[in-house]
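Undergrad: mind folding the following:
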Amino acid sequence: MKRSTDRILTTHAGSLVRPVEIIEAMMALDVGKPFDRTTYCETLREQVAKVVQEQARVGIDVIDDGEFGKNSWISYVAERMTGLELVTRGRTKDLPQIRWPEEDRYGDFYRTYQATEYSQWLPDTPSKAEYLAAGAAFQGVVCRGALRYKPEALERDIANLKAALRGVAVGEAFMPVVAPCSLEYMPNHHYKTQDDFLFAIADALSVEYHMIADAGLIVQVDDALLPMQYFMQFRNRGFGEYVKWAKVRVEALNHALKGIPEDRVRYHVCFGSQNIPHTTDAGLKDIIELVLGVRTQGYSIEASNPRHEHEWQLWKDVKLPAGKILIPGVISHSTNIVEHPELIALRISNFARLIGRENVIAGSDCGFSQSWNSIRVHPQVQWAKLEALVAGARLASKALWR
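TA: Reported below is the predicted structural model:
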């Protein structure tokens with residue numbers, strides 16, 4: 001990974017709002033319309049080239065393909081592994097029930113939010129009316145057989161990104177992938193024990209991780225479920241039980257990463273991408289030892305969410321290990337307020353003065369569209385935020401290198 005040797009570099013967490021052409025294909029697929037795979041692949045290649053060019057135009061240093069080749073950050077694996085089935089909530093009883101934090105206090109909010117979460121920013125397309133009539137749906141994955149990785153879709157995505165990078169002036173490129181822990185949340189109907197299931201996931205994902213690293217790209221491992229499971233599973237069982245559980249999940253991830261140089265990997269954790277109260281989030285101080293236990297060079301951590309922004313102060317007491325890089329989120333993905341560059345510069349400087357300017361890359365809290373239909377901000381706002389990120393990094397660089 002490149003370091004901020006003479007200025008603060010910029011990046012983001014991965015997913016960007018899909019263009020209308022890709023969203024229409026996903027809508028048509030969801031409602032059962034005929035799906036022209038050849039046309040879709042051509043469209044995907046063209047749109048990846050455009051989003052790479054746009055990131056370069058804005059001035060982002062470390063970029064990706066926006067995750068345009070995936071239906072979501074987790075359920076994309078249904079296309080890439082044997083033994084998996086893509087299912088939709090409302091059409092199956094297999095998916096875990098939604099557990100709303102503090103439902104007695106925020107239940108009305110969550111019911112209203114759920115009704116619009118997967119539809120509020122969808123563009124008008126030929127299939128939109130049918131999609132909305134069918135009910136905006138959450139898609140998940142169920143394991144029904146032995147897991148084996150199928151490389152074809154990843155080979156396509158790698159080829160599209162590398163072709164798009166030709167002639168574009170950026171520092172590096174990365175590709176996001178799901179962590180074993182975050183995929184383990186899917187129901188298991190095949191493996192005898194949960195540990196068997198977890199490490200089978202890790203073995204299958206290891207193929208994906210190595211393919212990306214071997215292609216010369218940075219591997220970004222996304223693991224929102226590691227912090228979130230503290231609330232979802234362990235709120236009544238005690239923090240000690242959570243730590244024992246989480247250490248095994250970190251072990252599984254390190255197993256999947258074995259053989260990949262640490263400087264080709266970055267690890268992203270957040271506290272859930274939804275624009276919700278977040279009053280039951282784990283504190284960063286509670287999970288930081290787990291996060292730093294992942295064998296990676298870069299740590300991408302949510303840091304501008306108002307529930308967590310104060311946590312930059314943790315680095316007064318916690319030492320970033322030698323050779324590591326912190327990628328704090330200094331812009332939010334979940335509010336349509338565009339941060340002022342001076343605020344972004346202040347956030348960057350807070351981290352740089354505690355851990356060293358060369359150890360900071362400025363990023364976003366999370367992706368802007370975790371699935372094709374979970375669009376967190378309007379795409380015009382997305383690009384304005386990334387432009388502000390670059391402007392804020394420039395301001396911080398002037399102050400930090402003067």
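
Undergrad: now E54, nearest residue through space, not along the chain?
TA: Spatial nearest neighbour of E54, chain neighbours left out: W383 (7.1 Å); criterion: Cβ to Cβ, 6 or more residues apart in numbering. To be clear about C-beta, it is placed using only N, CA and C from the backbone, and glycine gets the same treatment.

Undergrad: per-residue confidence for the one you found?
TA: W383 is assigned 98 on the pLDDT scale.

Undergrad: do T92 as well
TA: 58.

Undergrad: ok, and what's touching the helix or strand hosting K247?
TA: In the assignment (DSSP states H and E), K247 maps to helix 239-257. The contact list for helix 239-257 (Cβ atoms under 8 Å, 6 or more residues apart in numbering) reads 179-181, 184, 195, 198-199, 201-203, 205-206, 209, 219, 221, 223, 226, 229-230, 233-234, 265, 267, 286-287, 290, 293-296.

Undergrad: of those residues, which belong to strands?
TA: 219, 221, 265, 267 (DSSP state E).

Undergrad: pretty sure the second one contacts V265?
TA: Meaning V221. Yes. Look at V221 against V265 with Cβ atoms under 8 Å: they come within range, at 6.7 Å.

Undergrad: which residues are in contact with both of the two?
TA: 209, 257, 296.

Undergrad: quick one: residues contacting the last one.
TA: So that's T296. Counted by Cβ under 8 Å, 6+ apart, T296 has contacts 221, 257, 262, 265-267.

Undergrad: recalculate using a threshold of 10 Å.
TA: With contact set as Cβ atoms under 10 Å, 6 or more residues apart in numbering, T296 has these partners: 1, 219-221, 253-254, 257, 260, 262-268, 324-325.

Undergrad: and these, which of them are buried?
TA: 1, 219-221, 253, 257, 260, 263-268, 324-325 (16 or more other Cβ atoms under 10 Å).

Undergrad: where does pLDDT dip in this structure?
TA: Applying pLDDT under 70 to the chain flags the ranges 89-94, 96-98, 136-137.

Undergrad: tell me where this structure has helices.
TA: 20-30, 37-58, 103-117, 128-134, 152-165, 180-183, 194-214, 225-232, 239-257, 284-292, 341-355, 379-400 (DSSP state H).

Undergrad: just name the most buried of those.
TA: helix 180-183 (a mean of 26; mean count of other Cβ atoms under 10 Å).

Undergrad: tell me what it is packed against?
TA: strand 139-149, helix 194-214, strand 218-222, helix 225-232, helix 239-257 (3 or more Cβ pairs under 10 Å, 6 or more residues apart in numbering; DSSP states H and E).

Undergrad: one more time with 8 Å
TA: helix 194-214, helix 225-232, helix 239-257 (3 or more Cβ pairs under 8 Å, 6 or more residues apart in numbering; DSSP states H and E).

Undergrad: the last one vs helix 225-232, what angle?
TA: Inter-element angle recorded for helix 239-257 and helix 225-232: 160 degrees (by axes from the mean of the first three to the mean of the last three Cα atoms, to 10 degrees).

Undergrad: any idea how far E155 is from the closest residue to P19 other than its chain neighbours?
TA: Excluding the flanking residues, the one nearest P19 by Cβ to Cβ, 6+ apart is Q47, at 5.0 Å. Noted for Q47: a distance of 18 Å to E155, by Cβ to Cβ, to the nearest Å.

Undergrad: repeat for R105
TA: In terms of Cβ to Cβ, R105 sits 48 Å off from E155.

Undergrad: fine, thanks again, bye for now.
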